[in-house]
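Novice: structure, please.
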Amino acid sequence: MWGFFSACGGDVIYLFMENNIANETVQSLLQDLGIDPSYTSKSLVSLAAANSRYLKDLKLNVSGVFGSNNIAKKEAYLLALAVAVNEKNDTLITAFEGLATNHGASIDEIAETHGCASIMGVNNIFYRFRHYMHEVEFYNKQPAGLRMSVMMNPAMGKELFELMSLTISAVNGCERCVVSHEHSVKEHGADEPRIYNAIRLAAVIKGLCTVI
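Specialist: Numbers count the residues shown, from 1 in each chain. All right, here's what the predicted structure looks like:
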């Protein structure tokens with residue numbers, strides 16, 4: 001059953017359904033992600049009401065980044081989970097935890113993904129500040145004084161952990177961390193196409209977090 005809400009002044013009209021959004025692309029996207037079809041958000045409602053072409057773009061982009069030849073499905077869902085954790089999107093956190101687990105991710109790997117997103121949030125702020133203030137000698141000479149044991153001998157493997165650290169650093173916009181982790185992940189065996197596809201995935205999931 002459709003309902004209507006008109007904002008004061010008639011500037012905005014919201015269309016919504018009592019139980020779910022009657023848009024095939026939205027329903028297909030939610031199904032692919034394992035999200036309850038009754039789920040709604042203000043952005044999805046607005047896009048579906050206009051039958052926006054962006055919905056098809058979004059679905060194709062999401063499908064595309066999970067179909068990479070050089071990133072296994074489990075790895076892709078863990079990377080996506082890291083972005084969802086970084087963005088504090090509980091709906092997608094639950095969805096990607098389920099998808100990663102279904103593709104073989106362990107409890108330790110899921111926990112490490114949460115830990116990676118958190119510690120990179122810390123590092124990205126700290127090292128971005130140092131980068132901005134590089135001309136101030138005092139800041140760059142001080143020890144970081146930050147515990148980072150989660151980065152040592154991760155269950156998911158050092159290469160994937162470094163790749164995850166790189167993707168979160170890219171999302172958070174820390175140049176120093178991006179450069180450092182891009183170098184490190186190459187040292188652990190990743191090539192540029194794998195790195196490039198991981199960054200594409202992170203970018204798409206960041207966009208997905210905006211509407212879901």
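
Novice: show me where the chain has strands.
Specialist: 2-6, 13-17 (DSSP state E).

Novice: and the first one, average pLDDT?
Specialist: I take that to be strand 2-6. For strand 2-6, mean pLDDT is 42.

Novice: and the last one, by the same measure?
Specialist: In this model, strand 13-17 carries a mean pLDDT of 42.

Novice: and stretch 159-178, by the same measure?
Specialist: 96.

Novice: please spell out which residues along it are buried.
Specialist: 159-172, 174, 176-178 (16 or more other CB atoms under 10 Å). (C-beta placed from N, C-alpha, C; glycine too.)

Novice: next: stretch 70-87.
Specialist: Applying 16+ other CB under 10 Å to stretch 70-87 flags 71, 73-87 as buried.

Novice: same deal with stretch 43-58?
Specialist: Going by 16+ other CB under 10 Å, stretch 43-58 has these buried residues: 44-45, 47-49, 52, 55, 58.

Novice: could you do stretch 198-212 as well?
Specialist: Under 16+ other CB under 10 Å, the buried positions of stretch 198-212 are 198-209, 211-212.

Novice: now do stretch 23-43
Specialist: So for stretch 23-43, counting by 16+ other CB under 10 Å, buried means 23, 25-26, 29-30, 33, 35, 40.

Novice: between these, which sits nearest Glu137?
Specialist: Leu33 (48.5 Å; CB to CB).

Novice: hmm, back to that, quick one: which of the buried residues of stretch 70-87 sit in helices?
Specialist: Assigned to helices by DSSP state H, the following of the buried residues of stretch 70-87 qualify: 73-86.

Novice: would you point out the most distant pair within the buried residues of stretch 198-212?
Specialist: Top of the distance list for those (CB to CB): Ala198 and Val211, 21.6 Å.

Novice: any idea how far Tyr139 is from the spatially most central residue of the chain?
Specialist: Nearest to the geometric centre of the chain sits Val83, at 2.3 Å (CA atoms, centre = their mean). As judged by CB to CB, to the nearest Å, Val83 and Tyr139 stand 29 Å apart.

Novice: and Asp90, by the same measure?
Specialist: 35 Å.

Novice: the more surrounded of the two?
Specialist: Tyr139 (14 against 10; other CB atoms under 10 Å).

Novice: where does the residue lying closest to the more buried one once chain neighbours are set aside fall, phi/psi-wise?
Specialist: Excluding the flanking residues, the one nearest Tyr139 by CB to CB, 6 or more residues apart in numbering is Met133, at 5.0 Å. Backbone torsions of Met133, given as degrees, to the nearest 10, read phi -100, psi 30.

Novice: what about Met133, how many neighbours?
Specialist: When neighbours are counted by other CB under 10 Å, Met133 comes out with 12.
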